[in-house]
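A.B. asks: here is a sequence with its predicted model. Questions after.
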Amino acid sequence: YLAHFSPDSKWVFTAGGSDQTLSWILRVDAEPNADERILDETRVESLTHSNKSASKGFFIPTNPGNPNDRRILLATTTVGGTLQFWKRDDDALPWDQTSLLPVGKPILHDSGIWSSDLSPDHRVLATGTRRGSIHAWLVPDYDASPDAEPRDHWQNLPEEKIHHSDRIFWLEFSPDGSRIVTASWDRTARMWNAKNGIPHGEVMQHAGRVNQARFDQSGERIVTASDDRTARIWHADSGKPIGEPCRSEDFVRGAEFSPDGKRIISYWGGPVVRVWDVRETVSRSMSFIHPGSEDWIDRGPQVAMAAFSPDDTLLVTASQAGPVRIYDVETGLTVAALPPKFNVKSLEFSRDGTFLIILFGNENERCEIWKLARQQDDKITPQLQRTLPCRRAEFARFSPDEKWIITGSGGSPLAGWNQEEAA
């Protein structure tokens, strides 16, 4: 479940969930009451998507270099295999059934779209499918007609040259937009020249399904997560491995770099989160095991999650059991622990690391906003700023301007609160 904001933070798109025919686009009010949910909750039926729900959406500024040009496109992809671009009939109108107009024809794929990403310059949208095909589509002009043909960015390259043999579970552009990395259940991750689709570097081979492949912020390295119980680091120029595999106890569901690129974090759906120091050839790791896990074994799986603070000094971890803990990344010591609550759904730091939002599910069903005050002894004193009711929510996110906190899930209403009042 994901929420995607427009560049001006005034609109939110979300899709998915149990209601398979509906997407949501909502307007964030400029001057709301902090205790009220967002107004203008508008269900947008994806009429050209053959009754399949949109699985992902992107708001695309048509002229990002001109702040006075407020024309925005919306691109939606579906698990049924359709990509569609949209615009509003009038920029003053809301994004709803009466104002949405298709821009170009629906782009049909050979199977469901499992992954997609927008290039940093907003000109190309790449898609990966259940059957392993990869495509790159030029974003259409804002004034293109509904009958305009899609523009295949890699039209001169044979499809068999840009293909995995199994579904593409992850796809993303490099920070500079020059390459695309894909992770597939065919046990490989691959790189592609984003301009022409030609394979770039060596195939990054695992012994199990590859669930994720992420660039670091410099674009010089890639980390992959695999069902072969390893995370691996690779040169983004050559595709050659760097150092030894980072081994875990079970399937590695995800791995990513810290903001400064000195560490990676790997997690596998159990009670352990592992942080690896990758500054040397032989990676060193610290394991973080959630307290109280023994009492949780009979109640269901433990889904561990973690997040680095923006300055890389703190790591916050949580699972379905035990307290949320904050660690010093260098020493591994606990610097703060929040009261234990079951079923943490999501964690997110504000950009300056001052605030942490935590979403709880099931019987807790609330979002908590914590202010993290650092003491002279480097301990953290968490201060609960606000508790927000969040019925059936699956995510909690800051808006890009961090004035808003949005909670919700695909297929059901979102809610929004003014973060400035919470502060």
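C.D. replies: That came through fine. Numbers count the residues shown, from 1 in each chain.
A.B. asks: what's the closest non-adjacent residue to Glu330?
C.D. replies: Thr313 (7.5 Å; Cβ to Cβ, 6 or more residues apart in numbering). In short, each C-beta sits where N, CA and C put it, glycine included.
A.B. asks: swap in Asn211?
C.D. replies: In space, Asn211 is closest to Ala225, 4.9 Å off (Cβ to Cβ, 6+ apart).
A.B. asks: for Leu157, the count of nearby residues, please.
C.D. replies: If you count neighbours by other Cβ atoms under 10 Å, Leu157 ends up with 17.
A.B. asks: any idea of the mean pLDDT in stretch 111-131?
C.D. replies: Stretch 111-131 shows a mean pLDDT of 94.
A.B. asks: quick one: contacts of it?
C.D. replies: 55-56, 58, 60-61, 64, 75, 77-83, 109-110, 133-139, 153, 164, 167-173, 175-177, 180, 182, 194 (Cβ atoms under 8 Å, 6 or more residues apart in numbering).
A.B. asks: name the element the residue nearest to Asn211 belongs to?
C.D. replies: For Ala225, the host element (DSSP states H and E) is strand 221-226.
A.B. asks: now for that strand, which elements pack on it?
C.D. replies: strand 179-184, strand 188-193, strand 210-215, strand 230-235, strand 254-257 (3 or more Cβ pairs under 8 Å, 6 or more residues apart in numbering; DSSP states H and E).
A.B. asks: please name the nearest non-neighbouring residue to Gln375.
C.D. replies: Here the residue nearest Gln375, using Cβ to Cβ, 6+ apart, is Thr381, at 5.9 Å.
A.B. asks: what helix or strand is the one you found on?
C.D. replies: Counting by DSSP H and E, Thr381 is part of strand 380-389.
A.B. asks: how about whichever helix or strand comes after that strand as PDB, C-alpha atoms only?
C.D. replies: Once the chain leaves strand 380-389, the next helix or strand it forms, by DSSP H and E, is strand 395-398. This file holds the C-alpha atoms of strand 395-398, laid out as PDB (Å, rounded to 0.1, in the frame of the first residue of the first chain):
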ATOM      1  CA  PHE A 395       0.800   3.100   5.900                       C
ATOM      2  CA  ALA A 396       1.700   6.500   7.400                       C
ATOM      3  CA  ARG A 397       3.600   9.100   5.300                       C
ATOM      4  CA  PHE A 398       4.900  12.600   5.500                       C
END
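A.B. asks: pairing partners for strand 395-398, with directions?
C.D. replies: Partners of strand 395-398 in the sheet, by DSSP bridges, are strand 404-409 (antiparallel).
A.B. asks: tell me the contacts of the residue nearest to Asn211?
C.D. replies: Ala183, Val210, Asn211, Gln212, Ala213, Ala231, Val252, Arg253, Gly254, Ala255, Ser266.
A.B. asks: the same query, at a cut-off of 10 Å, please.
C.D. replies: Contact analysis of Ala225 by Cβ atoms under 10 Å, 6 or more residues apart in numbering lists 169-170, 183, 189, 206, 209-214, 231-232, 246, 248, 251-256, 264, 266-268.
A.B. asks: and Ile162, by the same measure?
C.D. replies: 128, 132-136, 154, 180, 182, 190, 192-193, 196-199.
A.B. asks: quick one on the thing from earlier: relative to Ser258, how far out is the residue nearest to Glu330?
C.D. replies: According to Cβ to Cβ, to the nearest Å, Thr313 and Ser258 sit 10 Å apart.
A.B. asks: quick check: pLDDT value at the residue nearest to Gln375.
C.D. replies: 88.
A.B. asks: what about the strand holding Ala225, average pLDDT?
C.D. replies: 96.
A.B. asks: just checking: what are the partner strands of that strand?
C.D. replies: strand 210-215 (antiparallel), strand 230-235 (antiparallel).
A.B. asks: identify each buried residue in stretch 252-261, please.
C.D. replies: Val252, Arg253, Gly254, Ala255, Glu256, Phe257, Ser258, Asp260, Gly261 (16 or more other Cβ atoms under 10 Å).
A.B. asks: farthest-apart pair in those, please.
C.D. replies: Arg253 and Asp260 (23.3 Å; Cβ to Cβ).
A.B. asks: which other helices and strands contact the helix or strand where His135 lies?
C.D. replies: Using DSSP H and E, the element containing His135 is strand 134-138. Under the contact definition 3 or more Cβ pairs under 10 Å, 6 or more residues apart in numbering; DSSP states H and E, strand 134-138 sits against strand 82-88, strand 100-108, strand 113-118, strand 124-129, strand 168-173, strand 179-184, strand 188-193.
A.B. asks: what element comes up after the last one heading to the C-terminus?
C.D. replies: For strand 188-193, the succeeding helix or strand toward the C-terminus, using DSSP H and E, is strand 199-205.
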